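Q: how would this look folded up:
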Amino acid sequence: MKIVGIGNAIVDVICRVENSYLLKNNLIKSTMKLVDEIEFKKLLSTLKIEDTVSGGSVANSIVGLSQLGNNVGFIGKVSDDDLGQKYEEGLKKENVEYFYSKKKESLPTGTCLILITPDSERTMCTFLGIAGKINKNDLDTKSIKNSEMIFLEGYLWDEGAPRSAFDIAIKNANKVAMSLSDLFCVERHKLNFLELMKNKLDITFANEQEITSLVDAKTFGDVIKFCQQLGKLVVVTRGENGSVAINKGEIFESESKKNLKIVDLTGAGDLFAAGFLHGHLNGFSIKESLEKGTEMSSKIIQRIGARLN
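A: As a prediction, the model looks like this:
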């Protein structure tokens with residue numbers, strides 16, 4: 001198998017809102033906020049649902065890799081409930097092998113409310129449910145050992161059981177890639193993420209905001225310098241400024257595509273990672289991998305949701 005993703009198994013609920021809705025509910029645009037089940041239901045009660053999709057950051061990337069023709073798998077925790085059933089069916093429909101046996105849990109399957117404002121930005125409210133309770137017993141170590149690489153998400157990293165699952169997955173993996181996921185995650189786990197980058201990850205994905213915060217950089221030049229000294233492969237997306245990969249001192253760049261009709265930025269980073277990893281796993285150069293990532297992210301931001309047809 002080419003790659004196994006390990007991440008939050010979250011059902012995405014996509015809704016369009018005005019900017020006033022964010023202000024009214026004290027939500028910060030373009031960020032992810034963790035909410036409890038009561039707050040989630042309260043927010044949802046006033047909204048019209050546009051779409052419901054089997055989501056989660058790494059799951060989105062894994063589906064993208066499957067659509068590019070790669071043999072892929074995913075590990076993520078759901079409950080044996082209606083949403084859990086839909087989640088599993090959604091992955092199987094995309095030819096993703098789901099390495100998890102669901103059972104009735106104390107918490108329901110996780111859900112993420114994706115609020116799209118008129119400027120196409122997305123603001124997320126996530127009720128993790130059982131997804132955030134992943135532990136070492138939920139891992140299929142055989143599938144991890146038999147894959148060329150695993151792909152992890154910063155959203156899943158937390159003290160306790162999730163951290164021990166992370167550690168065991170990394171220990172059994174042939175190669176490890178991880179996305180920093182969100183500024184919220186970086187600021188919450190800064191020292192741990194730095195330790196992972198320095199000692200355990202082969203490839204790190206981040207956007208400019210996340211990596212700048214992680215390394216306490218004042219300029220993007222400081223980010224480049226840190227990554228060159230790191231001696232690993234770090235891939236940074238920069239919105240309109242394109243993307244950059246820093247690999248053991250060398251710098252590679254790709255421009256963003258112009259004149260796109262952007263309707264929703266959901267999944268832009270996830271599909272960028274899918275394109276880059278597709279290139280990396282199939283012998284592309286770093287520059288070609290960046291361009292494949294740019295192509296995939298350009299496609300996804302011109303449609304609603306994080307799934308390409």
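Q: counting contacts, what elements does the helix or strand harbouring F166 pack onto?
A: Here F166, judged by DSSP states H and E, is contained in helix 161-172. Secondary-structure packing of helix 161-172 (3 or more CB pairs under 8 Å, 6 or more residues apart in numbering; DSSP states H and E): strand 3-6, helix 141-145, strand 149-153. The C-beta positions use only the backbone N, C-alpha and C, and glycine is treated the same way.
Q: tabulate the CA atom coordinates of the first one in PDB.
A: Okay, so that is strand 3-6. What follows is strand 3-6, C-alpha atoms only, in PDB (Å, rounded to 0.1, in the frame of the first residue of the first chain):
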ATOM      1  CA  ILE A   3       0.000   5.400   2.200                       C
ATOM      2  CA  VAL A   4      -2.200   5.000   5.300                       C
ATOM      3  CA  GLY A   5      -3.700   8.100   6.900                       C
ATOM      4  CA  ILE A   6      -4.500   8.400  10.600                       C
END
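Q: avg pLDDT for it?
A: The pLDDT scores in strand 3-6 average 98.
Q: partners of that strand in the sheet?
A: strand 72-75 (parallel), strand 149-153 (parallel) (DSSP bridges).
Q: can you say which of those is nearest to S61?
A: With CB to CB as the criterion, S61 lies closest to strand 149-153 of the strands paired with strand 3-6, at 6.3 Å.
Q: ok now the closest one, how far from the chain's centre?
A: Chain-centre distance of strand 149-153: 10 Å, with CA atoms, centre = their mean, to the nearest Å.
Q: between it and helix 161-172, how big is the angle?
A: Going by axes from the mean of the first three to the mean of the last three CA atoms, to 10 degrees, strand 149-153 is angled at 160 degrees with respect to helix 161-172.
Q: give me the contacts around strand 149-153.
A: If you take CB atoms under 8 Å, 6 or more residues apart in numbering as the criterion, strand 149-153 is touched by 2-8, 56-58, 61-62, 144, 166, 169-170, 173-179, 181, 202, 273, 277, 281.
Q: tell me the contacts of the residue lying closest to P108 once chain neighbours are set aside?
A: The shortest distance from P108 to any non-neighbouring residue, by CB to CB, 6 or more residues apart in numbering, is to G129 (4.8 Å). G129 makes contact with 37, 79, 107-111 under the criterion CB under 8 Å, 6+ apart.
Q: dump these to JSON lines, plus neighbour count and secondary structure.
A: Below are the contacts of G129 laid out as JSON lines (neighbours: other CB atoms under 10 Å; DSSP: H, G, I helix; E, B strand; the rest coil):
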{"residue": "E37", "neighbour count": "13", "secondary structure": "helix"}
{"residue": "S79", "neighbour count": "23", "secondary structure": "strand"}
{"residue": "L107", "neighbour count": "16", "secondary structure": "coil"}
{"residue": "P108", "neighbour count": "18", "secondary structure": "coil"}
{"residue": "T109", "neighbour count": "28", "secondary structure": "coil"}
{"residue": "G110", "neighbour count": "27", "secondary structure": "strand"}
{"residue": "T111", "neighbour count": "24", "secondary structure": "strand"}
